[in-house]
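Q: coords please:
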Amino acid sequence: MEIPRKIGGRRSDLSGSTSDHVVIVGAGVAGSALAYALGKVIKYCKKRNSKRTRYRQDLDAHANCRMDGNVHVIERDLTEPNRIAGELLQPGGYNKLIELGLEDCVEGIDAQKVFSLAAIYKDEKKAIVPYPSGVGARGFHNGRFIQKLRGKAASLPNVRLEQGTVTSLLEENGTIKGVQYKTKAGKELTASAPLTMVCDGCFSNLRRSLCNPKIEIPSCFIGLVLENCDLPRSNRGYFILKDITAIAFPIGTNEIRCLVDFPGRKIPSISNGEMTEYLKTVVAPQMPAELYNAFTCAIDKGNIRTMPNRIMSESHYPVPGAFLIGDSLNMRHPLTGGGMTVALSDVVILRDLLRPLNDLSDAAAICKYLESFPILRKPMAAVINTVAAALHTVFSPSEDPIRKEMRQACFSYFCLGGVFSDGLMSLLSGMNPSPVSLVFHCLALAVYTVGRLLLPSPKPTRIWMASRLILVALGIFIPVIKAEGIRATFFPVTMQAYYRTPPVR
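A: Okay, the predicted model is just below:
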């Protein structure tokens, strides 16, 4: 898919630099959506006859614009990405697309609606859990979705996409003034702007200048595309919880993405046949009957992809003139598919924070004002991050009897239906980003699990197991909540930054 290329900006051949209002590094989901959002907030301005003249285009869309300027997006590779991540957009993320006016980006790419998940346990026990409110998730090829987002951003007159590799941030007296980058032709240039948004993804080479990243890799995904599956329900995803953990969901009319979670970093080798042997002997027998034939055919075709699953808590510290967003800022386990939902939610929050501003030139004042962003993003980010970490830990196969009991109890909790399964799905899907609701379901699940052990006869061995189970559960949840920030997550109104108001100029 071709992206509309626009010749714009204010590049000087003599100085080798451009001057813009906002520079965005990276044009993935977060970067492209942010470029479009800010392009709608900032009025289009350009030079004519050496005099600065303002133009207002699309009056209705720009009715609330208060700033004049251009958005310059620098992306390492503007060709269509080919990834196995970012292919399931949860309902909460789709709602954020609607808020941004980007819902048409899932049209024309053969995106599939997913209305329910089938959790499949040992002995083919199955729990069908629908998404709340009938909104549904969207499954698609990640590259097609990103190209639609890029095209949408590039359609605005004040947004310019350029292919180039950003090598460093430009700093002056502790303030970021822009970036230095190398164009596709190899020319070294600088792009200056009062605000630089770093959205260069999970492999970010700039985040170390703006945060103290602590990245963990608890597992890896092994990805295959299953074709022509004979499914009883076409709009359903699968959560396979047997001797392996895997997810499967439609990404095209006759295509299903299957991701197998492999613990640790060292995965079987693809080149020497270890991977094929592992998938055929260990994973294939665990597949539900409706996926088995397509799964074995996918193995024989050999198009097997792998990726490490990275986890990184938010550790951004304020730096005037620059900001992190997306996977550059925060990553969670992708088992629940919440990454794009968090990124799009962050874009909505940033857009709303920047909308009332008249000017971005006072970097220190803007930096102080944006200290409210980490707190405002907590409801969505903390809930999805916690659910992702907890479900991955609980559902990962283990020989520990306590972990086995927790896995069984969590599956049974889903089977209860009603407020219990609906509540968990609303948290997982981003439809109910409520830390209070998260605590409620954690407590309800703990009570349910302990009750399963102690009733009808609380024997001493079962009491001992229940006490151990509580300790293990606390060991799972407390570190995650602590990393998110207990005060910011549950008591944001007690923090001064929560009340930041736009700087007046």
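
Q: same question for stretch 207-220, mean pLDDT?
A: Here stretch 207-220 scores 90 as its mean pLDDT.

Q: now swap in stretch 233-251 and tell me
A: pLDDT averaged over stretch 233-251 gives 92.

Q: buried residues in that stretch?
A: 236-242, 244-251 (16 or more other CB atoms under 10 Å). No exception for glycine: its C-beta is placed from N, CA and C like everyone else's.

Q: can you show me the helices along the stretch 1-150 of the chain?
A: Assigned by DSSP state H, counting those that start in this stretch, the helices in the stretch 1-150 of the chain fall at 29-41, 91-100, 142-154.

Q: sorry, back to before: please identify which of the buried residues of stretch 233-251 is nearest to Leu210.
A: Within those, the smallest distance to Leu210 is 32.1 Å, found for Ile247 (CB to CB).

Q: ok, what's across the strand from the spatially closest residue to that closest one that is not a sequence neighbour?
A: Of all residues not flanking Ile247 in the chain, Leu259 sits nearest, at 5.2 Å (CB to CB, 6 or more residues apart in numbering). Beta bridges link Leu259 to Gly223, Ile247 when assigned by DSSP bridges.

Q: what about Leu259, neighbour count?
A: Neighbour count for Leu259, taken as other CB atoms under 10 Å: 25.

Q: quick one: which of the helices of the stretch 1-150 of the chain is nearest Ala390?
A: Nearest to Ala390, of all those, is helix 91-100, at 17.5 Å by CB to CB.

Q: okay, the most centrally placed residue in the chain and Ser345: tell me how far apart.
A: What sits nearest the mean C-alpha location of the chain, by CA atoms, centre = their mean, is Gly339, with 1.5 Å. Separation of Gly339 from Ser345 (CB to CB, to the nearest Å): 11 Å.

Q: next one: Glu399
A: Relative to Ser345, Glu399 is positioned 38 Å away (CB to CB).

Q: of these two, who's got more company?
A: More crowded of Glu399 and Ser345, by other CB under 10 Å: Ser345, with 24 against 6.

Q: list of residues touching the helix or strand hosting Phe373?
A: Using DSSP states H and E, Phe373 sits in helix 373-376. For helix 373-376, the surrounding residues in contact (CB atoms under 8 Å, 6 or more residues apart in numbering) are 314, 316, 323, 346, 349-350, 353, 488, 492, 495, 497-498.

Q: what do you get if the cut-off is 10 Å, keeping everything else the same?
A: For helix 373-376, contacts defined as CB atoms under 10 Å, 6 or more residues apart in numbering pick out 314, 316, 318, 323-325, 329-330, 345-346, 348-350, 352-353, 370, 381, 485, 487-489, 492-493, 495-500.

Q: out of those, which sit inside strands?
A: 323-324 (DSSP state E).

Q: sort out for me which of the contacts of helix 373-376 are in helices.
A: Residues of those located in helices (DSSP state H): 345-346, 348-350, 352-353, 381, 487-489.

Q: wait, which of those is closest to Asn309?
A: Closest to Asn309 out of those is Ala381 (17.4 Å), distances taken as CB to CB.

Q: and the nearest residue to the closest one once chain neighbours are set aside, how many residues sit next to it?
A: Spatial nearest neighbour of Ala381, chain neighbours left out: Val342 (5.1 Å); criterion: CB to CB, 6+ apart. Val342: 31 surrounding residues under other CB under 10 Å.

Q: circling back to that earlier point, is it possible to get JSON lines of the ones in helices among the contacts of helix 373-376 that adds distance to Met307 and pLDDT?
A: Output for the ones in helices among the contacts of helix 373-376, formatted as JSON lines (distance: CB to CB, whole Å; pLDDT from 0 to 100):
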{"residue": "Ser345", "distance to Met307": "23", "pLDDT": "97"}
{"residue": "Asp346", "distance to Met307": "22", "pLDDT": "96"}
{"residue": "Val348", "distance to Met307": "27", "pLDDT": "97"}
{"residue": "Ile349", "distance to Met307": "28", "pLDDT": "97"}
{"residue": "Leu350", "distance to Met307": "27", "pLDDT": "96"}
{"residue": "Asp352", "distance to Met307": "33", "pLDDT": "95"}
{"residue": "Leu353", "distance to Met307": "32", "pLDDT": "95"}
{"residue": "Ala381", "distance to Met307": "22", "pLDDT": "96"}
{"residue": "Arg487", "distance to Met307": "34", "pLDDT": "93"}
{"residue": "Ala488", "distance to Met307": "30", "pLDDT": "92"}
{"residue": "Thr489", "distance to Met307": "29", "pLDDT": "93"}
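
Q: show the buried residues in those residues.
A: 345-346, 348-350, 353, 381, 488-489.

Q: now render the residues you listed as TSV, adding distance to Pro435.
A: As requested, these are exported to TSV (distance: CB to CB, whole Å):
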residue	distance to Pro435
Ser345	14
Asp346	17
Val348	18
Ile349	16
Leu350	21
Leu353	21
Ala381	10
Ala488	10
Thr489	5
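
Q: tell me which of the residues you listed is nearest to Tyr413?
A: Looking at those and their distance to Tyr413, the nearest is Thr489, at 22.6 Å (CB to CB).

Q: which residues touch the closest one?
A: Applying CB under 10 Å, 6+ apart, we find Thr489 in contact with 375, 378-379, 381-383, 385-386, 435, 438-439, 481-482.

Q: which of these sit farthest apart?
A: Maximum pairwise distance in the contacts of Thr489, criterion CB to CB, is 18.0 Å, between Ile375 and Val439.

Q: neighbour-wise, which of the two wins?
A: Taking other CB under 10 Å, Ile375 and Val439 do not tie; Ile375 has more neighbours (21 against 15).

Q: fine, thanks again, bye for now.
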